[in-house]
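Asks: The following block contains a protein sequence and its predicted model.
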Amino acid sequence: TAPDGALKIGLLSEEDSLDLLRSRAPAVAAEHEGACRDLVRALDGLPLALRVAADLLRVEAESGFDVSGLLAKLTGAARVLGEEVPPDVTGDADDVGAEEAERTVRALLRKSLERADEDLVRRFARLGVLPPKPLSFGPWAAADVWRDSAEDPPEGGRPEDEKARDRDALKELVRRGLVESVDLGDDPLAVKLDLTPRRPERFWMHALVAAFALDTLERTEGEGGVREAQQRRLEHYRRIAGAADGAMGQGGDTQLFGVFLITLDLANIRAAHRWAREKAPNDRRALEYLSRLVSQGSRPLAERLGPEEWLEWMRLAEDAARRIGDEREAGYHRSNVGAALVRNGLMDEALTVCQDNLRAA
């Protein structure tokens, strides 16, 4: 997607479209070449639509079904969607094309979900609260938004059978093309720490697919379900920051592991903080999150965020703590605001904060 959120369409030629179909559903493309050619023409070279259609056909074929009927349905549906755009519509042609592309992809995604069981649909929908590509997420993030509670997991961890179901669900979502597995290459810290695997297991969702997942979540679980899934996302990244903080308070490889944790998910932590900040004026739990995040992850966040950004986060945390009536936590944040001011070279303001803290002590 473009920076302003508009869909950028890089259309493929007919042959390139067929090659994409062949790469993702080789058996289907080989057996039904004529029908596949009709499909790629109907989809007008839209890469994401082609990928979703190809994965849907491949899954259908792997399940032992005759895909000829599905091919005809997909082709017909794509043609109808293309004809629904009025010929006299006003506005930029790129905007019209983007809208048509989005409707085509959504129609294919709906078709894909028709063939998924209820549990898989629920899991797919909840992933819609995670930031889309280019941000990626780990299997633990998926597991946390799938949990029925935003509370911290039990001390002993989750049961193995539950973990296995989560792994199987992610594999199935990848197989269906609803989630993509991402190869970020060897992580230098993972190599240094001799972690297995050295390439962190990561996934992402295209922005259109993520938006469709979020719409599905709102339709199936309502606004309350969306808010609870968002809370589970926030608490997951709060725990990541807290774990990194604990590790970085120690020495040697344990400290490096803390750096590894915070570096891997810093972009997601920023996104979670931004979401909580937007919701804070009318959401007590968002205020609590703004305060708790920097309390539990102060060491890695102070090190990894820029000085100005860290100062802003500390001020937001102090304000959030005061608004929820937690004066003890607000005092803690106030002390860190003073340290952040020194880090930014704002010595006069830092002195004022320190004097205020002494008077309040």
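Replies: Thanks, I have the structure now. Numbering: from 1, shown residues only.
Asks: Name the secondary structure element that contains Tyr332.
Replies: helix 327-343 (DSSP states H and E).
Asks: chain center to that helix, what's the gap?
Replies: In terms of Cα atoms, centre = their mean, to the nearest Å, the centre of helix 327-343 is found 31 Å from the chain centre.
Asks: That one packs against which elements?
Replies: Counting contacts by 3 or more Cβ pairs under 8 Å, 6 or more residues apart in numbering; DSSP states H and E, helix 327-343 is packed against helix 284-296, helix 298-304, helix 307-323, helix 347-360. Quick note: C-beta positions are derived from backbone N, CA and C, even for glycine.
Asks: chain center to stretch 134-145: distance?
Replies: 7 Å.
Asks: quick one on the thing from earlier: which parts of the helix holding Tyr332 are buried?
Replies: The neighbour-count check on helix 327-343 (16 or more other Cβ atoms under 10 Å) flags 329-334, 336-342 as buried.
Asks: Which among the helices and strands packed on helix 327-343 is found nearest to Gln250?
Replies: The closest of the helices and strands packed on helix 327-343 to Gln250 is helix 298-304. By Cβ to Cβ, the value is 10.7 Å.
Asks: sorry, back to before: please identify the deepest-packed of the helices and strands packed on helix 327-343.
Replies: Comparing the helices and strands packed on helix 327-343 by mean neighbour count (mean count of other Cβ atoms under 10 Å), helix 284-296 comes out on top with a mean of 21.
Asks: Could you export that helix as CSV, CA atoms only?
Replies: The C-alpha coordinates for helix 284-296 follow below in CSV (Å, rounded to 0.1, in the frame of the first residue of the first chain):
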residue,chain,number,x,y,z
ARG,A,284,-9.1,3.4,30.7
ARG,A,285,-7.3,0.2,29.6
ALA,A,286,-5.4,2.1,26.9
LEU,A,287,-4.3,4.6,29.6
GLU,A,288,-3.2,1.7,31.8
TYR,A,289,-1.2,0.3,28.9
LEU,A,290,0.6,3.5,28.3
SER,A,291,1.7,3.5,31.9
ARG,A,292,2.5,-0.2,32.3
LEU,A,293,4.5,-0.5,29.1
VAL,A,294,7.2,2.0,30.0
SER,A,295,7.2,0.8,33.6
GLN,A,296,7.9,-2.8,32.6
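Asks: list the helices and strands it packs on?
Replies: Looks like helix 284-296 contacts helix 207-248, helix 252-279, helix 307-323, helix 327-343 (3+ Cβ pairs under 8 Å, 6+ apart).
Asks: With distance to Leu135 and mean pLDDT added, can I get those helices in a markdown table?
Replies: Shown next, in a markdown table, are these (distance: least, Cβ to Cβ, whole Å; pLDDT from 0 to 100):
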| stretch | distance to Leu135 | mean pLDDT |
| --- | --- | --- |
| helix 207-248 | 10 | 93 |
| helix 252-279 | 5 | 93 |
| helix 307-323 | 17 | 93 |
| helix 327-343 | 26 | 85 |
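Asks: Distance to Leu293 for those helices - can I get that in JSON lines?
Replies: Shown next, in JSON lines, are the helices and strands packed on helix 284-296 (distance: least, Cβ to Cβ, whole Å):
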{"stretch": "helix 207-248", "distance to Leu293": "5"}
{"stretch": "helix 252-279", "distance to Leu293": "6"}
{"stretch": "helix 307-323", "distance to Leu293": "7"}
{"stretch": "helix 327-343", "distance to Leu293": "11"}
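Asks: Tell me which of the ones you listed lies nearest to Gly138.
Replies: helix 252-279 (7.4 Å).
Asks: can you pull the buried residues of the closest one?
Replies: Result for helix 252-279 [16+ other Cβ under 10 Å]: buried residues 256-262, 264-266, 268-273, 275-277, 279.
Asks: and if you look at stretch 216-231?
Replies: Neighbour-count burial for stretch 216-231 [16+ other Cβ under 10 Å]: 216-217, 221, 225-231.
Asks: What's the first helix or strand after the helix or strand of the chain with the lowest mean pLDDT?
Replies: Here the helix or strand of the chain ranked lowest by mean pLDDT, DSSP states H and E is helix 93-114, holding a mean of 69. Heading C-terminal from helix 93-114, the first helix or strand you meet, by DSSP H and E, is helix 118-126.
Asks: Which residues in that next one does the neighbour count mark as buried?
Replies: Applying 16+ other Cβ under 10 Å to helix 118-126 flags 120-126 as buried.
Asks: what angle separates it from helix 207-248?
Replies: 80 degrees (axes from the mean of the first three to the mean of the last three Cα atoms, to 10 degrees).
Asks: start at 12 instead
Replies: In the new count, where the first residue is 12, that last one comes out as helix 129-137.
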